[in-house]
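Asker: got a predicted structure here, sequence first:
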Amino acid sequence: MINKYVDISEEIQKALDENKPIVALESTIISHGMSYPENIISAKKSEEIIREEGAIPATIAIIKGRIKVGVTEEELNYLGENKNIRKASRRDMALILAKETDGATTVATTMLISNLVGIKIFVTGGIGGVHRNAQTTFDISADLMELANTNVGVVCAGVKSILDIGLTLEYLETQGVPVIGYQTTDFPAFYTRKSGFKVDYKVDSYEEIAKALRIKWDLNLKGGMVIANPIPEKYEMDHDLITTAINDAIREAEKNGIRGKEITPFILAKVHSITEGKSLYSNKELVYNNAKVGANIAKALFK
């Protein structure tokens, strides 16, 4: 049944058959997260880092109505250059496939597809969460519900501080999703190492993370795990600078009536402009750091 909709690259299929460590990568970060050609450069470097650490990268996307697990270089360039790629969350998948169009997978859909084919570790920049003023807007990312239901470990630098971090963590707790910190007790806020909130557990080794994931799924405790990996200290942004930039961008978004799935790309673009590109530099470095950690967790999980 899966083959009706999914194209798995020869390399990824071989790795699945031989039980080798694989790390999934999303494609929204390529089509919506960074501008060309930085998006292509960053995507290729993330894949290279995963290979250097001894795992196999699997960038996931929807191209011309087919789910791609492991994109080619040509497909990667297509995703990075084409401005008409739709952001594809869980609700969009069936329609994008039916219409035979293109979709860049979000955290939610990358998790869903990874689990569908048997990939258990996924690396991203930051997960979605509960937006500010969600008590009136009900703007909550589908990423959180996917984490509650899909058996994939997600390595991230926390959530962006454009979100309500406290409510995001409360939501994850309600859904039974463990939030662990890799070598930290502080929950990171994407551009900065601390958010003012704590993780559920601090874990210091790849092996212990892998063991916890294995036990969780052996016991049929449905759902994923947030593996919060702070941005390296030397790439961390000044807290006051990034907070001011984000608050200014949020006010402008509200003034212009920008809502829903358009708000995050708008705010990130504004923050990039306000910080004169410093936020993009930090964004790339935290993704590379997550790729390294994710590859090593995958290796420990499939030893």
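Answerer: Looks like it came in fine. Keep in mind that this is a model prediction, so the values were computed, not measured.

Asker: now stretch 278-294: average pLDDT?
Answerer: Stretch 278-294 comes out with an average pLDDT of 94.

Asker: how about Asp143, what does it touch?
Answerer: Contact analysis of Asp143 by CB atoms under 8 Å, 6 or more residues apart in numbering lists Thr106, Val107, Ala108, Met111, Ile127, Gly128, Gly129. Any C-beta I mention is one placed from the backbone N, CA and C, and that applies to glycine too.

Asker: does the residue nearest to Leu25 when sequence neighbours are not counted count as helix, strand or coil?
Answerer: Of all residues not flanking Leu25 in the chain, Thr59 sits nearest, at 4.5 Å (CB to CB, 6 or more residues apart in numbering). Counting by DSSP: H, G, I helix; E, B strand; the rest coil, the backbone at Thr59 sits in strand.

Asker: ok, back up a step: just name the closest of the contacts of Asp143 to Arg259, please.
Answerer: Lowest distance from Arg259 to those (CB to CB) belongs to Gly128, with 14.4 Å.

Asker: distance check, that closest one against Ile56.
Answerer: 26 Å (CB to CB, to the nearest Å).

Asker: higher neighbour count, the two?
Answerer: Using other CB atoms under 10 Å as the criterion, Gly128 and Ile56 rank with Gly128 on top: 24 against 21.

Asker: show me what the helix-or-strand element of the chain with minimal mean pLDDT packs onto, helices and strands only.
Answerer: Within the chain, no helix or strand scores below helix 263-274, which has a mean of 77 by mean pLDDT, DSSP states H and E. Under the contact definition 3 or more CB pairs under 8 Å, 6 or more residues apart in numbering; DSSP states H and E, helix 263-274 sits against helix 239-255, helix 278-301.

Asker: deepest of these, which one?
Answerer: Ranked by mean neighbour count, those are led by helix 278-301 with a mean of 23 (mean count of other CB atoms under 10 Å).

Asker: could you give the angle of it to helix 239-255?
Answerer: Inter-element angle recorded for helix 278-301 and helix 239-255: 100 degrees (by axes from the mean of the first three to the mean of the last three CA atoms, to 10 degrees).

Asker: may I have helix 278-301 as CSV, with CA atoms only?
Answerer: Extracted C-alpha coordinates of helix 278-301, given in CSV (Å, rounded to 0.1, in the frame of the first residue of the first chain):
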residue,chain,number,x,y,z
LYS,A,278,22.6,37.4,12.5
SER,A,279,19.5,35.3,13.2
LEU,A,280,20.0,33.3,9.9
TYR,A,281,23.6,32.5,10.9
SER,A,282,22.5,31.2,14.3
ASN,A,283,19.6,29.3,12.7
LYS,A,284,22.0,27.4,10.4
GLU,A,285,24.5,26.6,13.2
LEU,A,286,21.8,25.2,15.5
VAL,A,287,20.5,23.0,12.7
TYR,A,288,24.0,21.6,12.1
ASN,A,289,24.4,20.9,15.8
ASN,A,290,21.1,19.1,15.9
ALA,A,291,22.2,17.0,12.8
LYS,A,292,25.3,15.9,14.7
VAL,A,293,23.4,14.9,17.8
GLY,A,294,20.6,13.2,15.9
ALA,A,295,23.0,11.1,13.9
ASN,A,296,24.6,9.8,17.1
ILE,A,297,21.3,9.1,18.7
ALA,A,298,20.3,7.1,15.6
LYS,A,299,23.5,5.1,15.8
ALA,A,300,22.9,4.3,19.5
LEU,A,301,19.3,3.4,18.8
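
Asker: done for today, thanks.
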